[in-house]
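> my questions concern the predicted model and sequence given below.
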Amino acid sequence: MSEKLPLFVQVQNRTVHCIGGGTVAARRLKLLLEYGAEVTVVSPDLHEDLLKQRAHFTWEKRALTQGESFSSQLLFICTNNQTLNDELLANSWQGQWVYAAHDAARSDIHFPTVIDEGPVTLGVSTNGVYPAYTKKLKELLKDALTDANVFKELEILAPIRQQIVQSDLTGKQKQILLHRCMGDEFLLAPDRDLLLKQWMDELN
Ligand SMILES: C[C@@]1(CC(=O)O)c2cc3[nH]c(cc4nc(cc5[nH]c(cc(n2)[C@H]1CCC(=O)O)[C@@](C)(CC(=O)O)[C@@H]5CCC(=O)O)C(CC(=O)O)=C4CCC(=O)O)c(CCC(=O)O)c3CC(=O)O
Ligand SMILES: NC(=O)C1=CN([C@@H]2O[C@H](COP(=O)(O)OP(=O)(O)OC[C@H]3O[C@@H](n4cnc5c(N)ncnc54)[C@H](O)[C@@H]3O)[C@@H](O)[C@H]2O)C=CC1
């Protein structure tokens, strides 16, 4: 079991300092920028992917000196200098969320591999046990979701849920119906609209 709670976090307008601008920083910042965080990178150089996104964050082009600390809400420690990384971690303020690329166990945040297909979002992690394996896991899960008709079923069910939620049924009745409609009896029915109407009438 993961020690970390899986959450979907709103980072829009959150201030982020990222120390180091290499390969890992580029992977993390791609996501942070995409989701609207306010990012400042402190690093003497930038990965080519970050150079392409130069207009979307502040760059302090310099190497960190010893003993510096940062007041932003989120601190991303991504240098290849493990002594400096450890020092930054030790100097972070209580209450600050710290991402430590070099030390999964002491990092407040883990990044999962993300499967984002239509209405389904999955975050998959091996919790640092074998990060590269998540690639395999991602393909496995994508295939399983497709084989189980998950995307097709959700396409069918989205407007059905609206009908049920907007009906005059009681909360409990809606709940019963929402669960019933996920079953094959409904999903494979030749006339789903008719069946839903029948079920609604029975409950009313
Ligand atoms: C805990 C986590 C923390 C976090 O960063 O949130 C973490 C931690 C660490 N990774 C390390 C190494 C590598 N990570 C990868 C690849 C990926 N790593 C990713 C996530 C995570 N990595 C988080 C946990 C996710 C999980 O376990 O499921 C992926 C899923 C997403 C992404 O990074 O975007 C991406 C998937 C592949 C893809 O899709 O490409 C590769 C392979 C490669 O690069 O090809 C290597 C080199 C080979 C190796 O060592 O296995 C090291 C050692 C560093 C060192 O010692 O130098 C640490 C630190 C530690 O373990 O303490
Ligand atoms: N969590 C993960 O998925 C992974 C984590 N890692 C770890 O992440 C860290 C970074 O790895 P990479 O991005 O591959 O390294 P990298 O070599 O691509 O990038 C390091 C960056 O840190 C900067 N830097 C070095 N000294 C600095 C200083 N004094 N002040 C400011 N910036 C400084 C460099 O200029 C460079 O931009 C390492 O500790 C590595 O062990 C590595 C692979 C995967």
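Arrived safely, thanks for sending. Numbering: from 1, shown residues only. Ligands and ions are numbered 1, 2, ... in the order given.

> which residues does the helix or strand bottoming out on mean pLDDT in the chain contact?
The helix or strand of the chain with the poorest confidence is strand 113-117; it has a mean of 88 (mean pLDDT, DSSP states H and E). Contacts with strand 113-117, where a contact means CB atoms under 8 Å, 6 or more residues apart in numbering, come from 121-125, 134-135, 137-138, 141-142, 145, 151. Placement of C-beta: from N, CA and C, glycine included.

> check these one by one and keep those near ligand 1.
Within the set of the contacts of strand 113-117, contact with ligand 1 (CB under 6 Å from any ligand atom) is found for 125, 134-135.

> which residues of the protein lie near ligand 2?
So the chain meets ligand 2 at 19-25, 42-45, 63-64, 78-82, 84-85, 101-102, 131 (CB under 6 Å from any ligand atom).

> of those residues, just the buried ones, PyMOL syntax please.
Selecting only the buried entries of the residues of the chain next to ligand 2 in PyMOL, with 16 or more other CB atoms under 10 Å as the criterion:
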select buried, resi 19+20+21+22+24+25+42+43+64+78+79+84+85+101+102
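
> from residue 43, how far out is the residue in the chain that ligand 2 sits nearest to?
Residue of the chain nearest ligand 2, by CB to the nearest ligand atom: residue 22 (1.8 Å). Distance, residue 22 to residue 43, using CB to CB, to the nearest Å: 8 Å.

> did I read that right, residue 99 in a strand?
Yes: with DSSP: H, G, I helix; E, B strand; the rest coil as the criterion, residue 99 is part of a strand.

> for it, grab the count of nearby residues.
20 (other CB atoms under 10 Å).

> quick one, what contacts it?
Listed by CB under 8 Å, 6+ apart, the contact set of residue 99 reads 28, 74-78, 107-109, 111.

> which of those lies closest to residue 159?
When the contacts of residue 99 are compared for distance to residue 159 (CB to CB), residue 111 wins out at 34.2 Å.
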